[in-house]
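> with the sequence up front, the predicted model follows.
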Amino acid sequence: MAGKNVITETLDNTNGNGSIVLATLNRPDALNALNDELMDELFTVLDGYEKDDDLRCLILTGSDKAFAAGADIKQMQPKSYMDVYKEDFISRNWERVASCRKPIIAAVSGYALGGGCELAMMCDFILASETAKFGQPEINLGVMPGAGGSQRLTRFVGKSKAMEMCLTGRMMDADEAERVGLVSRVLKKENFLAEVVEVAITVAKKSLIATMMTKECINRAYETTLSEGIRFERRLFHSMFSTADKTEGMAAFIEKRDPDFTDE
Ligand code: CAA
């Protein structure tokens, strides 16, 4: 699964409960600017992750200085409208992150700007180091967010904050990002990745079926009305009564022991 722009490592520290993938964006000279090659590699990594039943949670991270400083401006600068239209720029490979059915945690240190912020928002939740800085500075380049920022940021933080961020291009620090609900938690920079791995282990230990259905259900909240979302949730919840993991999880609680989930 490894490439030069996205380095992957499999961590087997869930005590026999499957493995975690640590996927690290690796274009240090460009602050992990997201070019086509990198996004194609990430696409391949996610395909491999989704296909391998032993892999139960993926952490997407960057360097201490930058999660990603945006789409690659040098690659975009010469492109015309017909170039980006014909190659289906962004839709072709970026959306793979949002369509992944298994859990992805974004672990953000340093800059998450433009496409970097949008990439983090495509993940299931964002854990931020206290060094993290988020922003949608595309307005400074004479353009606007193009990988979902105008839509996802608005859903995360509301109209006023999203509008201000996108119209001024200013950066938000980690504390502000937590306060407004963009990130789930801010963690100390010293043990940042180790703490993220602990969270990933917690996710990896659950029933993968329940995890995937929960993810599908929460994402549905962004796509539909409340009554349809609740109907969708109820149907999935009912369907879980056909799984061995539901029987095992509830039996383990009653018998005061840890559950042994089999993803069936
Ligand atoms: N694309 C291409 N290269 C980038 C880049 C980007 N988004 N961001 C940084 N780099 C490159 C710089 O050009 C520089 O390369 P050179 O050494 O060859 O000159 C290298 O990374 C280091 O960057 P800086 O010297 O600028 O580092 P800094 O610490 O002084 O500043 C920064 C850091 C504030 C993040 C600054 O690099 C910056 O503003 N980057 C651009 C951020 C941006 O505008 N992002 C939005 C991109 S558009 C987009 O993402 C569209 C979309 O919605 C999909």
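Everything's here; your move. Numbers count the residues shown, from 1 in each chain.
> what ranges do the strands span in the protein?
For the chain, applying DSSP state E gives strands covering 6-11, 19-25, 55-61, 66-68, 104-108, 111-113, 125-129, 133-135, 171-173, 185-187.
> for those, give me JSON lines that also has mean neighbour count, mean pLDDT and distance to the ligand.
Bear in mind the C-beta positions are built from the backbone N, C-alpha and C, glycine included. Listed next are these as JSON lines, based on neighbours: other Cβ atoms under 10 Å; pLDDT from 0 to 100; distance: least, Cβ to the nearest ligand atom, whole Å:
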{"stretch": "strand 6-11", "mean neighbour count": "16", "mean pLDDT": "95", "distance to the ligand": "16"}
{"stretch": "strand 19-25", "mean neighbour count": "21", "mean pLDDT": "96", "distance to the ligand": "12"}
{"stretch": "strand 55-61", "mean neighbour count": "25", "mean pLDDT": "97", "distance to the ligand": "16"}
{"stretch": "strand 66-68", "mean neighbour count": "28", "mean pLDDT": "98", "distance to the ligand": "7"}
{"stretch": "strand 104-108", "mean neighbour count": "27", "mean pLDDT": "98", "distance to the ligand": "13"}
{"stretch": "strand 111-113", "mean neighbour count": "27", "mean pLDDT": "98", "distance to the ligand": "4"}
{"stretch": "strand 125-129", "mean neighbour count": "24", "mean pLDDT": "98", "distance to the ligand": "16"}
{"stretch": "strand 133-135", "mean neighbour count": "25", "mean pLDDT": "98", "distance to the ligand": "8"}
{"stretch": "strand 171-173", "mean neighbour count": "19", "mean pLDDT": "98", "distance to the ligand": "8"}
{"stretch": "strand 185-187", "mean neighbour count": "19", "mean pLDDT": "98", "distance to the ligand": "20"}
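> what sits closest to the residue nearest the centre of the chain if chain neighbours are left out?
Most central in the chain under Cα atoms, centre = their mean is Cys123, positioned 1.5 Å from the mean C-alpha point. Once flanking residues are discounted, Cys123 sits nearest to Ala106: 3.8 Å by Cβ to Cβ, 6 or more residues apart in numbering.
> identify the bridge partners of that neighbour.
Judged by DSSP bridges, the bridge partners of Ala106 are Leu60, Ile126.
> what sits against it?
When the contact criterion is Cβ atoms under 8 Å, 6 or more residues apart in numbering, the partners of Ala106 are Leu60, Thr61, Phe67, Ala112, Leu119, Ala120, Met121, Cys123, Phe125, Ile126, Leu127.
> cross-check the contact I'm expecting between the third one and Asn26.
No - in this structure, Phe67 sits apart from Asn26 without contact. The criterion is Cβ atoms under 8 Å, and the distance is 11.9 Å.
> what's the overlap in contacts for the two?
Common contacts of Phe67 and Asn26, defined by Cβ under 8 Å, 6+ apart, comprise Asn32.
> how many residues are close by Asp54?
Applying other Cβ atoms under 10 Å, we find 9 residues neighbouring Asp54.
> I meant to write Glu41 there.
If you count neighbours by other Cβ under 10 Å, Glu41 ends up with 22.
> ok, Met76 next?
With neighbours defined by other Cβ under 10 Å, the count for Met76 comes to 19.
> equivalent analysis for Gly48, please.
The number of residues near Gly48, taken as other Cβ under 10 Å, comes to 14.
> check the nearest residue to Met144 once chain neighbours are set aside and give its pLDDT.
In space, and not counting its chain neighbours, Met144 is closest to Glu138: 5.2 Å by Cβ to Cβ, 6+ apart. Looking at Glu138, its pLDDT reads 98.
> and if you look at Gly18?
Predicted confidence (pLDDT) for Gly18: 70.
> next: the one 10 residues further on.
At Pro28 the predicted local distance difference test score is 97.
> what's the closest non-adjacent residue to it?
Counting by Cβ to Cβ, 6+ apart, the nearest residue to Pro28 once its immediate chain neighbours are dropped is Ser63, at 6.0 Å.
> doesn't Ser109 make contact with the one you found?
Yes - if you go by Cβ under 8 Å, Ser63 and Ser109 touch, sitting 7.1 Å apart.
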